[in-house]
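S.K.: need a structure here:
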Amino acid sequence: MQRFLLICSVLLSGLFFAQNRLNLIPYPQKVELLKGEFTIPGKFKLDQNLSRLETEYFKKQIRDVFTFGIGKKETAHLVNVPFSAPSKRNPENEEKYAIEISPRQIVISSNTKQGYFLALQTLIQLFRQYKDSGKIPAMKIEDEPKFAWRGMHLDVSRHFLRWRK
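M.R.: Have a look, this model is predicted:
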C-alpha cells in the first residue's frame, strides 16, 4: 500500500510543477493570456505603413507559414501603432514594445525601429511555435530590456588572441 501511494504521489507531483509558459527567448517581462485565439490565415495581410526593412526580414523568416498581402490598417492582420509617447522620450526605453494578439489582428506598439524589430522577433518565435495548430492564443506581451546597456566580455586567453601593450 505504501509503495502504491509513493508511486502515485511521484507520478502526480509532475502535475503540480508543470509549466504553462511560452517558449520565448528572452522571455518577456509581462505576458497576459486573453480569451480567444488568432487563427493564422492563409494569406497574411500587412499594414501598408509598416517599416519596410524590418517587415521584409519578418516575411523572410516566416514565409513557410503563409503568403503575404498588403492591406489597410482596418483589414490588416499585422499593424504597428506607436505608443502615446510622452513629450520627452526616455532613451532607456527605446527597445520597449508591446504586442496585443486578438482574434482579429496583431497590434505591435513601439516608438522606435529597435522596439518594432524586437517585437517581430517575438512574433516569429510565436508563429513557429504554433504553426502546426494554426492558432495563436490571444495575449498581451510587454517587454523592454532590463538594463539600458548591452555588453560583451571577450576572454583573450580562451580565444587565442595576442594581448597588445
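S.K.: Secondary structure element holding the spatially most central residue of the chain?
M.R.: Centroid check for the chain by CA atoms, centre = their mean gives residue 122 as the closest residue, at 1.9 Å. Here residue 122 sits within helix 113-130, counting by DSSP states H and E.
S.K.: OK, contacts around the residue nearest to the centre of the chain?
M.R.: Shown in contact with residue 122 (CB atoms under 8 Å, 6 or more residues apart in numbering): 24, 28, 97, 99, 141, 143. Glycine gets a C-beta too; all of them are placed from N, C-alpha and C.
S.K.: again, only this time at 6 Å
M.R.: Contacts for residue 122 were tallied using CB atoms under 6 Å, 6 or more residues apart in numbering; there are none.
S.K.: picking up where we left off before, give the buried residues for the helix holding residue 122.
M.R.: 115-124, 126-127, 130 (16 or more other CB atoms under 10 Å).
S.K.: ok, the residues you listed vs residue 1, which is closest?
M.R.: Proximity of the buried residues of helix 113-130 to residue 1 (CB to CB) peaks at residue 130, which lies at 44.3 Å.
S.K.: which phi and psi does the closest residue to residue 134 other than its chain neighbours have?
M.R.: Distances taken as CB to CB, 6 or more residues apart in numbering place residue 40 nearest to residue 134, at 5.1 Å, with adjacent residues excluded. Phi and psi for residue 40, reported as degrees, to the nearest 10, are phi -70, psi 120.
S.K.: My read is that residue 40 contacts residue 137, right?
M.R.: No: contact criterion CB atoms under 6 Å: residue 40 and residue 137 do not qualify, at 11.9 Å.
S.K.: Tell me which of the two has more neighbours.
M.R.: Of the pair residue 40 and residue 137, residue 40 is the one with more neighbours under other CB atoms under 10 Å, namely 18 against 15.
S.K.: that older thread, elements contacting whatever helix or strand comes next after the helix holding residue 122?
M.R.: Counting by DSSP H and E, the next helix or strand C-terminal to helix 113-130 is strand 135-143. Contact analysis of strand 135-143 by 3 or more CB pairs under 6 Å, 6 or more residues apart in numbering; DSSP states H and E lists strand 30-39, strand 97-101 as its packing neighbours.
S.K.: what lines up beside strand 135-143 in the sheet?
M.R.: Strand pairing for strand 135-143, determined by DSSP bridges: strand 30-39 (antiparallel), strand 97-101 (antiparallel).
S.K.: buried ones in the first one?
M.R.: By that I understand strand 30-39. 37-38.
S.K.: With that, I have no additional questions.
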